[in-house]
Structure formats: structure tokens, C-alpha cells
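Trainee: Kindly return the folded structure for what I paste below:
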Amino acid sequence: MNRHDTPSGRLPATGAFFLVLAALVAIGLAATAAPVRDRILEKVRIDNNGDRLELEITLSFVFAYRMHFPTGSGRELRIWLRPAQVAEIDRSALGGREAVTPPRAGEAGIDEVVYEGDASEGPWITVYFDDETRYRVVPLPDYRRLKIIIEP
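Mentor: This is a model prediction of the structure:
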């Protein structure tokens, strides 16, 4: 029997302490190792482009633009999407809902931008305007962004 062995075969108190400490460290590292993304609306920003404002929406997944309505103006713009390529990390958030009020929203007359992934026909993005607003919707070529051009 060496000096660390105990007659009962149990670890001494210091050994048990270090074993528990090592387990807690391992659990903590495992919990922080995998990033969890909880946002579908990755970035929503408003840019000034000469005499008009542009709302740019970046999603965390690749999508196919289906349609939008009303087509030219309204207080509410609804954009229908079809997810085309969704990373495993984003799948759990895909069916959820989230809302963002972008910086400078008041300047653009925007109340909020809402992602609605819980609709039976697939996800929608809804832009709520303060007043009747003229706009154009432009899906961008990277299939992750939409640009809504707000007409003066």
C-alpha cells in the first residue's frame, strides 16, 4: 500500500475535491464550446442613399424570395421566404418569432421589423411603417439579404 491509498479504498478528501473540481471545469468548457445562435434577423440596418433610405435585412440562413405584398406601398410590408440552406445551429430558431427596431427607425418611418417563422406556409418578414410608405423590395444576390428601398 502506498502513502495515498486508504484502507477503505476511498479517495482522501483532497482527491475527491479535485475530482469534483475537474468535473465542473469540464462541464463549463463543454457548455461554452458550442455557440448557440438564437437570432434569425442577423442584422437590420438603415442606410442613407442620396435622397432615399434603404432598409437592409440580413438573415442567418440562405433563402429564396417568394413574393411580397402589398406591391408598392402600405403601412405593413409582408415578405414571404423559403429557407433554402439552414445551418444546424439555426434550425431551432427557424420556427420562432423575433422583432427588431433598427437604429434610425424613426427617420425611416419604421416601427419594427418582425420575423415570423411559425406560419404554416413558411416564414415571413413583416416591416411595420408608421404611415403609408412607398417602397421597392430587392432580394440581394447572396440570398441572405433583402433591401427595401424607401421611396421619398
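
Trainee: Would you map the helices across the protein?
Mentor: Listed from the start of the chain, the chain has helices (DSSP state H) covering 13-33, 91-94, 105-108.

Trainee: List the buried residues of stretch 53-71.
Mentor: Buried residues in stretch 53-71, defined by neighbour count with 16 or more other C-beta atoms under 10 Å: 53, 54, 55, 56, 57, 59, 60, 61, 63, 68. Yep, even glycine has a C-beta here, placed from its N, CA and C like the rest.

Trainee: thinking again about what came up before, rank the helices of the chain by mean pLDDT and give me the bottom one.
Mentor: Mean pLDDT values for these show the minimum at helix 13-33, a mean of 55.

Trainee: count of residues packed around the closest residue to residue 61 other than its chain neighbours?
Mentor: For residue 61, ignoring the flanking residues on the chain, the nearest one in space by C-beta to C-beta, 6 or more residues apart in numbering is residue 86 at 4.3 Å. Applying the criterion other C-beta atoms under 10 Å, we find 16 residues in the vicinity of residue 86.

Trainee: Is residue 86 in contact with residue 40, as I believe?
Mentor: No - counting by C-beta atoms under 8 Å, residue 86 sits too far from residue 40 to count as a contact (9.5 Å).

Trainee: hey, what's in contact with both of those two?
Mentor: Any residue near both residue 86 and residue 40 by C-beta atoms under 8 Å, 6 or more residues apart in numbering counts here, and that gives 61, 94.

Trainee: which residues touch the closest residue to residue 63 other than its chain neighbours?
Mentor: In space, and not counting its chain neighbours, residue 63 is closest to residue 81: 4.4 Å by C-beta to C-beta, 6+ apart. Residues touching residue 81, when contacts are defined by C-beta under 8 Å, 6+ apart, comprise 59, 63, 64, 65, 66, 122, 123, 124, 125.
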